[in-house]
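Undergrad: fold the stuff below for me.
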Amino acid sequence: MGWVTEVAAVPKAAPQVHTVMISAGHSDTDPGAVAHGVTEAEIVLEFRDLLSQALARQGIRHLTDGDAG
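TA: As a prediction, the model looks like this:
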């Protein structure tokens, strides 16, 4: 396995019509499963924030549930 050093160009797309909604599905009030001192909420909230950042870098309009960390 090696590092990805090149990516295919993203073709110019038509203006965005829809908005992407990202929901972690868990929160402080519903932490989900807990194992080894980590809650499911901690994992999915971090993933939601990373996905939100990636979408923002691509200029994709989106919303998230709750506050980004």
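
Undergrad: please enumerate the strands of this structure.
TA: Using DSSP state E, the strands of the chain run over 20-22, 34-35, 38-39, 62-64.

Undergrad: okay, these in TSV with distance to residue 47 next?
TA: C-beta here means a position set from N, CA and C on the backbone, and glycine is covered the same way. Formatted as TSV, the strands of the chain follow (distance: least, C-beta to C-beta, whole Å):
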stretch	distance to residue 47
strand 20-22	9
strand 34-35	16
strand 38-39	13
strand 62-64	11
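
Undergrad: how about those strands in CSV, adding mean neighbour count?
TA: Below are those laid out as CSV (neighbours: other C-beta atoms under 10 Å):
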stretch, mean neighbour count
strand 20-22, 13
strand 34-35, 9
strand 38-39, 14
strand 62-64, 14
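
Undergrad: turn those strands into TSV, including mean pLDDT.
TA: Converted to TSV, the strands of the chain look like this (pLDDT from 0 to 100):
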stretch	mean pLDDT
strand 20-22	90
strand 34-35	92
strand 38-39	93
strand 62-64	90
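
Undergrad: of those strands, which is nearest residue 50?
TA: Residue 50 sits nearest to strand 20-22 of all the strands of the chain, at 10.2 Å, using C-beta to C-beta.

Undergrad: so what's residue 42 up against?
TA: The contact partners of residue 42, taken as C-beta atoms under 8 Å, 6 or more residues apart in numbering, are residue 31.

Undergrad: distance of it relative to residue 64?
TA: Distance of residue 42 to residue 64, given as C-beta to C-beta, to the nearest Å: 16 Å.

Undergrad: point out where this protein drops to low pLDDT.
TA: Residue ranges of the chain with pLDDT under 70: 1-10, 68-69.

Undergrad: let me see the ranges of the helices in it.
TA: In the chain, the segments counted as helices under DSSP state H are 40-57.
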